[in-house]
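Engineer: from the sequence below, what's the structure:
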Amino acid sequence: MQIAVVATARKLAVLCWHMITRDQDYAFARPSLTAKKLRALQLKAGLPARRGQKGSAAGYSLRDVRAREKALAEQAEQAYRQMVADQDVAHAALLELGQHLHPELAPSVSPNQSPSTSRSPSTVSPSAR
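Structural biologist: Sure, this is the predicted structure:
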């Protein structure tokens, strides 16, 4: 359990570090939700309420705006999952190529474990353990 918590914390820290050092916004942010949260923070910080005026957070109250942003976020998440899967395939191919070019440098892999699953214990399927 603690290993998973530490791994998740590390991933979040790396994500934050890259966003800060590259001066980038979160790629999968939902604009109306972000505007709503920022406005709530402004109100808690003491900024005056602007009753009767549409602010930047007004889009969040529209159901179809939220639905479109959610669908876009789901599409981006699916694209990210596909990219990670493609990277895993490419990594396995590179490992296989390296084993053919330099067999003496090949990592020791048990017969029931493929090279792509030897990277991390969390990626090994239960049948291979």
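Engineer: residue 31 against residue 69, yeah?
Structural biologist: Yes - in this structure, residue 31 is within contact of residue 69 by Cβ atoms under 8 Å, at 6.7 Å. Placement of C-beta: from N, CA and C, glycine included.
Engineer: look at these two and report which has more neighbours.
Structural biologist: Comparing residue 31 with residue 69 by neighbour count (other Cβ atoms under 10 Å), the higher total belongs to residue 69, at 18 against 15.
Engineer: dump the residue contacts of the more buried one.
Structural biologist: With contacts defined as Cβ atoms under 8 Å, 6 or more residues apart in numbering, the neighbours of residue 69 are 30-33.
Engineer: could you single out the nearest of those to residue 78?
Structural biologist: For the contacts of residue 69, the residue nearest residue 78 by Cβ to Cβ is residue 30; the value is 15.7 Å.
Engineer: chain neighbours aside, what residue packs nearest to that closest one?
Structural biologist: Once flanking residues are discounted, residue 30 sits nearest to residue 69: 4.3 Å by Cβ to Cβ, 6 or more residues apart in numbering.
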